[in-house]
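> sequence? don't have it. structure:
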Ligand code: UDP
Ligand code: MG
């Protein structure tokens, strides 16, 4: 059983040579130690502090939390989105009941645009951000601590590798 598991582990690691030599060995346990590293990769994601957070002076608190959680800020800018930009940015929600209010809200004042970098940045920023509705968000998340409502929910975060790529290039060029 132990030998079978060793062979499976070696094959899973793509080490055919070691697996073969392991198979040929008789009762001897292999002496090779297999270190399995966690799967991590350095990624970039898009974060945006929304108008109500900026207006309430929460920028510093949220950015501090971002830095304390190991994110490296690659780009940061305070700017406004035009209606056309907002419509394109949130195009995936076109046709949903909250779409026009969302576009009106996100263009209602300046936002802080951020390009963040870290291992597993996309998932980790979504986790730190919390659920869309602050009432559902976990303790310690940005939305739990700073959001006003489901629509005015303090900050944005890319939800996938594809979204991060698209949003970063849309905002930062
Ligand atoms: N939104 C809203 N009402 C809803 C769902 C979403 O006003 O019922 C707004 C909210 O500001 C949210 C944004 O639309 O952050 C985008 O929605 P999404 O479902 O992508 O949530 P998110 O990815 O921001 O958590
Ligand atoms: Mg989303």
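Cool, got the structure. All figures in this text were calculated on a predicted structure; none of them were measured in a lab. Ligands and ions are numbered 1, 2, ... in the order given.

> middle-most residue in the protein, spatially?
Centroid-nearest residue in the chain: residue 122, 1.8 Å away (criterion: Cα atoms, centre = their mean).

> and that one, what element?
Element membership for residue 122 (DSSP states H and E) is helix 121-129.

> Likewise for residue 133?
Per DSSP H and E, there is no helix or strand for residue 133.

> Spatially, what comes nearest to it if we skip its sequence neighbours?
Closest residue in space to residue 133, ignoring its immediate chain neighbours: residue 150 at 4.2 Å, by Cβ to Cβ, 6 or more residues apart in numbering. From N, CA and C alone the C-beta is placed, and that goes for glycine too.

> Could you pull up the residues touching the one you found?
132-135 (Cβ atoms under 8 Å, 6 or more residues apart in numbering).

> Give me the buried subset of the residues you listed.
residue 134 (16 or more other Cβ atoms under 10 Å).

> ok so, going back, right, is the helix holding residue 122 up against ligand 1?
No: remark: helix 121-129 sits outside contact range of ligand 1, by Cβ under 6 Å from any ligand atom, the gap being at least 7.1 Å.
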